[in-house]
Each structure stands twice: as structure tokens, then as C-alpha cells.
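Asker: sharing a model prediction with you, sequence too.
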Amino acid sequence: MTNGGIIKTFTEKSKSRRGLHQRRRLYFVIDSECREVDFKVVRRMSIKPLYAKGEAEEHQVTIPSGSYVVQLDFRMNPKGRVVGDVLVYDSEGRCLGRAVYRKLKVRLIEGRSTEVINLIRCVFRKLKLPVKKYAVIKL
């Protein structure tokens, strides 16, 4: 397989001083059959996290062509509710779709491809996150 482009991704695990708010960012590199793919981190940079306690990094990764990067960003509020954003990139770095995770539902906001929703479904299964419903917003 040939190398695709360089994609900027983020990892973060931070919480507020009192521990009421939390943020978790992570990414997966997978192929269309939901298998994790080997990738190479070209550059790591430490960045400032959203909350006071914790750490955050920016990774620049090269992935094989035909692979996808699914970037997840979850935040938890003081009531324990989790909301999140999901972005799906192809191997050239183009954003294929964007989804939101609220009230145990995943809504695809940008991108109409069934492949995008299948990649998101796959990552949520890997993370064992509860999802009641997957929906596509009609614009």
C-alpha cells in the first residue's frame, strides 16, 4: 500500500480543577472493513488541554491509502452527561463526514455516505459506547 497524506489528529485527557468537567479526545485509523491499520506518527507536539488537569497532544500521522481516520471528541458535564463530536477523514485528509453524539444518539450532520455511518458505527462498537439510534439529518 502506498502512503496517503499527513493528517493532523489530537489526543487529550483532561478534567477541571474540581473534577466536574472532563474531556477526552482520541482517534482511530481503520480500513473499510473495520480493521485497525498500522500508521506512523510523524510528529508529536504537546498542546494546552481544555481543562486544568491533564495533558493534550497534537499528532501528525501518515496513513496508508484506502484507510480512514475517525477523530472523536467527548465532553462530560457535571451531571454526568456525555456529548461528543465525530469527524471522519480519508487518507488524503479530506473530511468525509461529521456527526454528533448526544443523549445516546449519533446524528450524521455532514456527509451522506453509508460508508461514513458504518465507520462511525464500527468505532462506537470498538469503544463499547451505548448508542440507541443512528440518524442522518436531512438538510
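Answerer: Looks like it came in fine.
Asker: give the contact list for the nearest residue in space to residue 110 that is not next to it in sequence.
Answerer: Nearest non-adjacent residue to residue 110, counting by Cβ to Cβ, 6 or more residues apart in numbering: residue 98, 4.2 Å away. (Glycine included, C-beta is placed from N, CA and C.) Counting by Cβ atoms under 8 Å, 6 or more residues apart in numbering, residue 98 makes contact with 85-88, 108-111.
Asker: compare those and tell me which is most surrounded.
Answerer: residue 88 (25 neighbours; other Cβ atoms under 10 Å).
Asker: OK, contacts around it?
Answerer: Taking Cβ under 8 Å, 6+ apart, one finds 68-71, 95-99, 111, 116, 119-120 in contact with residue 88.
Asker: ok, residue 52 next?
Answerer: 14-17.
Asker: pick out whichever of the residues you listed sits closest to residue 56.
Answerer: Comparing the contacts of residue 52 against residue 56 with Cβ to Cβ places residue 14 closest, at 6.5 Å.
Asker: just checking, what packs against whatever helix or strand that closest one lives in?
Answerer: Assessed by DSSP states H and E, residue 14 sits inside strand 3-15. Strand 3-15 sits against strand 22-31, strand 53-64, strand 67-76, with contacts defined as 3 or more Cβ pairs under 8 Å, 6 or more residues apart in numbering; DSSP states H and E.
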